[in-house]
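Engineer: give me a 3D structure for the following:
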Amino acid sequence: GENLPPSLAPRPPHFAPKAHAMISLFMHGGPSHVDLFDPKPELTKHSGKDYTGDVQYSFVNRASKKLFGSPWKFARHGQSGTPVSELLPHIASVADDLAIVRSMVTEVFNHGPAKLFVNCGTPRFGAPSMGSWITYGIGSEADDLPGFVVLQSGPRGPRGGAGLWSSGFLPTTFQGVPFLSGPEPILNLASPAGISPQQQAEFVSTVRELNTQRLAAVGDAEIATRIAAYEMAYRMQTSAPALMDLSGETARTLAAYGAEPGKVSYANNCLLARRLVERGVRFVQLYHTDWDHHGNNDTHLGQPLEDRCREVDQPTAALIRDLKQRGLLDETLVIWGGEFGRTPMGEPRDFLGRDHHIDGYTMFLAGGGIKAGITLGATDELGFYAVEDRVHVHDLQATILHLLGLDHLRLTFRFQGRDFRLTDVGGTVVHKLLA
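Structural biologist: Below is the predicted model:
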């Protein structure tokens, strides 16, 4: 098909959308579904016994076939009676707002490629990320902030790095913009000392004229992108610091999230996500480490897992409640999950953990057109394979685009002689998730 122009201005979707913005809460490392959302009494019953089926391991030299039942208790919550682990009491309290998918499957079992697969539809670098595809398709309502913003928390960034929010072969107008915590969320955004607002405006105007002349001469779309980037940066000198200033939030709101102004945290980022979608930003993505609980000293199924759950539990529930109270949840799609799950078998290292697992794991969705209070799909009695209502990563991507008014088969970009799309050559909308 014909490529769309490189502009963040809002454009009409393919059909009426259910959601107008999306917040992705990405738990990179791979949360353990059998410890959080998918209770398995049979796994507990047979804990310590060898698993007799075939296993695809990420780390063969550390492989174990011994089943490991979750040490945490599950209880049913809300009118829906949704089972949730005791590790996530706050998320459990909003169970009636969630659609929990227990039958997710992916194709890639190492972190970097698996994150690329979830976010870009391919395990290889160079493809556009989901946020880039969405802003390419329908633009953004924000005129003084990027259409796609990335917020990070935890001890390190995600494996895969900036490729996870890259615009790939799409115009760079649509790439994700990482924000830092603090008064200067974007490096080099503030004017140098001694430069007045008038001088800054004159500089931006002159650069625009020069770039416009060059664009007319050579017709390179990336020059148009650069013009837009300069003008956006100029507007963001005011809008970005105002966004990051949480002093206008009530003490009650800060306490609900567990947010502390000036601190780098998942809680602060959840609050910022709400502030971003309020301002018209189309796609906000939070990355939080580290859910890779193999059994190392700082990543095992003990205190480290409990700490990760405590860090995300309250803020995630607060975000869903806050959006709902402000009338924003119905038009904002919220998704929580990682690149894969963890094995029902234990992985003995320094401590006990679990290996990567791609054949059945859990994510949840809320808001924007999602059927609330449901559990979709199931894994087998040990939590190993998705056996009911299997949802492939490309199916999830197709469903996300559908909720935003985009047909994943029609949202294409011609590059190197073929039409590319987020879902590659797969993907089916999961209608059972739709309200």
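Engineer: quickly note the distance from residue 19 to residue 148.
Structural biologist: To residue 148, residue 19 is 15 Å away according to C-beta to C-beta, to the nearest Å. Where C-beta positions appear, they are placed from N, C-alpha and C, glycine not excepted.
Engineer: which of those two has more neighbours?
Structural biologist: Neighbours were counted for residue 19 and for residue 148 using other C-beta atoms under 10 Å; residue 148 has more, 28 against 21.
Engineer: quick check: that one touching residue 128?
Structural biologist: No: in this structure residue 148 lies outside contact range of residue 128 using C-beta atoms under 8 Å: 10.4 Å.
Engineer: show me where the stretch 51-200 of the chain has its helices.
Structural biologist: 89-92, 111-120, 130-138, 197-218 (DSSP state H, counting those that start in this stretch).
Engineer: ranking those by burial, who's on top?
Structural biologist: Mean neighbour count, computed with mean count of other C-beta atoms under 10 Å, is highest for helix 130-138 among the helices of the stretch 51-200 of the chain, reaching a mean of 27.
Engineer: and that helix, what does it pack onto?
Structural biologist: Here helix 130-138 touches strand 21-27, strand 148-153, strand 283-288, helix 393-403, going by 3 or more C-beta pairs under 8 Å, 6 or more residues apart in numbering; DSSP states H and E.
Engineer: quick one: it to helix 111-120, angle?
Structural biologist: 20 degrees (axes from the mean of the first three to the mean of the last three C-alpha atoms, to 10 degrees).
Engineer: how far does helix 130-138 sit from its chain's centre?
Structural biologist: In terms of C-alpha atoms, centre = their mean, to the nearest Å, the centre of helix 130-138 is found 14 Å from the chain centre.
Engineer: same question for stretch 318-335.
Structural biologist: Averaging C-alpha positions (C-alpha atoms, centre = their mean) puts stretch 318-335 15 Å from its chain's average.
Engineer: averaging pLDDT over each of the helices of the stretch 51-200 of the chain, which comes out lowest?
Structural biologist: Mean pLDDT is lowest for helix 197-218 among the helices of the stretch 51-200 of the chain, at a mean of 85.
Engineer: need the contact partners of that helix.
Structural biologist: Residues outside helix 197-218 that contact it (C-beta atoms under 8 Å, 6 or more residues apart in numbering): 191, 195, 220, 223, 224, 226, 227, 230, 231, 234, 237.
Engineer: after that helix, which helix or strand is next?
Structural biologist: Using DSSP states H and E, the next helix or strand after helix 197-218 towards the C-terminus is helix 221-244.
Engineer: just checking, residue 75 touches residue 84?
Structural biologist: Yes: with contacts counted by C-beta under 8 Å, residue 75 reaches residue 84, the gap being 7.1 Å.
Engineer: neighbour count: those two, which is higher?
Structural biologist: residue 84 (24 against 13).
Engineer: so what pLDDT did the more buried one get?
Structural biologist: As predicted, residue 84 sits at a pLDDT of 98.
Engineer: any idea how far it lies from residue 21?
Structural biologist: When residue 84 is compared with residue 21 (using C-beta to C-beta), they lie 26 Å apart.
Engineer: equivalent analysis for residue 132, please.
Structural biologist: Distance from residue 132 to residue 21, by C-beta to C-beta: 15 Å.
Engineer: what about this protein, any weak spots by pLDDT?
Structural biologist: Along the chain, segments meeting pLDDT under 70 span 1, 56-63, 181-184, 187-189.
Engineer: for the stretch 1-150 of the chain, what spans make up the strands?
Structural biologist: 21-27, 74-77, 82-85, 98-105, 148-153 (DSSP state E, counting those that start in this stretch).
Engineer: show me what the longest one is packed up against.
Structural biologist: The reference is to strand 98-105. strand 361-367, strand 374-376, strand 378-379, strand 386-388, strand 391-392, helix 393-403.
Engineer: helices or strands up against the fifth one?
Structural biologist: What it means is strand 391-392. Applying 3+ C-beta pairs under 8 Å, 6+ apart, one finds that strand 391-392 contacts strand 98-105.
Engineer: and for the strand it packs on, what are the contacting residues?
Structural biologist: If you take C-beta under 8 Å, 6+ apart as the criterion, strand 98-105 is touched by 33, 37-38, 82, 91, 320, 337, 341, 358-366, 370-379, 386-393, 396, 433.
Engineer: sheet partners, orientation included, of it?
Structural biologist: Applying DSSP bridges, strand 98-105 is found paired with strand 361-367 (antiparallel), strand 374-376 (parallel), strand 391-392 (parallel).
Engineer: got the buried residues for stretch 238-254?
Structural biologist: Residues of stretch 238-254 classed as buried: 240, 241, 243, 244, 246, 249, 253, 254 (neighbour count, 16 or more other C-beta atoms under 10 Å).
Engineer: repeat for stretch 280-295
Structural biologist: Those would be 280-295, for stretch 280-295 by 16+ other C-beta under 10 Å.
Engineer: what is the nearest of those residues to residue 47?
Structural biologist: residue 295 (15.6 Å; C-beta to C-beta).
Engineer: tell me which residues touch the closest residue to the closest one other than its chain neighbours, please.
Structural biologist: Leaving aside its chain neighbours, residue 295 sits nearest to residue 353 (2.9 Å; criterion: C-beta to C-beta, 6 or more residues apart in numbering). Neighbouring residues of residue 353 by C-beta under 8 Å, 6+ apart: 293, 294, 295, 296, 299, 300, 301, 342, 346, 347.
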